[in-house]
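A.B. asks: This is a predicted model, with the sequence first.
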Amino acid sequence: MSALTSSGPEETRKLGEALGQAAEAGDVILLSGELGAGKTVLVQGIARGLRFEGPVSSKSFVLLGEYAGRLTLYHADLYRLDSTEEIEDLALEEISSDGVLVVEWPERGDVVLPEERLTLRFEVTGPETRLIVPEATGARAQALTEALGR
């Protein structure tokens, strides 16, 4: 699938909602992009698509958030971690096998994250606009990518 464009936060949330609706237990979604690119906004949409009703916030100061909906959403933010060992200690793949794992700043721990995954790279193209480039590795990730097709 080619790159997607988002004209603002609500459109980014809707993309996330489509992912959440299509998600299955064990799915892994990695979100890469600069601060303020819209990664957490997409996570809010994923939570909405998983039928979680409460607020979802940035995890920059809390490493892992859990949101229970149709499936549990495990939202990890690796921004403040400095070493592969710190990331391994989180045991993300093990604790999230019954739900959906979404990781912001995956480049900090790429070597310890699951191989089968959907990576979404956010590029800021204007004050409200974003280019979101999907990269699917594996059959489940490809199915999630198809859910993004509009």
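C.D. replies: That came through fine.

A.B. asks: The most centrally placed residue in the chain: what's its closest spatial neighbour, skipping adjacent residues?
C.D. replies: By C-alpha atoms, centre = their mean, the mean C-alpha position of the chain lies nearest to V102, the distance being 3.7 Å. Leaving aside its chain neighbours, V102 sits nearest to I29 (4.7 Å; criterion: C-beta to C-beta, 6 or more residues apart in numbering). Every residue, glycine included, has its C-beta placed from N, CA and C.

A.B. asks: And the next helix or strand past the helix or strand where the residue nearest to the centre of the chain lies?
C.D. replies: Per DSSP states H and E: V102 is located in strand 100-104. Sequence-wise, the next helix or strand downstream of strand 100-104 (DSSP H and E) is strand 117-124.

A.B. asks: after that next one comes which helix or strand?
C.D. replies: Following strand 117-124 in sequence, per DSSP H and E, is strand 130-137.

A.B. asks: Show residues contacting that following strand.
C.D. replies: 1, 3-6, 12, 15, 37-38, 42, 115-125, 142, 144-145, 148 (C-beta atoms under 8 Å, 6 or more residues apart in numbering).

A.B. asks: buried subset of those?
C.D. replies: Those of the contacts of strand 130-137 that meet the buried threshold are 4, 6, 12, 15, 37-38, 42, 117-120, 122-123, 144-145, 148, by 16 or more other C-beta atoms under 10 Å.

A.B. asks: for this structure, where's the lowest mean pLDDT among helices and strands?
C.D. replies: helix 84-90 (a mean of 76; mean pLDDT, DSSP states H and E).

A.B. asks: Could you pull up the mean pLDDT of the helix or strand immediately after it in the chain?
C.D. replies: Sequence order places helix 92-95 as the next helix or strand after helix 84-90, per DSSP H and E. Regarding helix 92-95, the rounded mean pLDDT is 78.

A.B. asks: Can you list the buried residues in helix 92-95?
C.D. replies: Buried, per 16+ other C-beta under 10 Å, within helix 92-95: L92.
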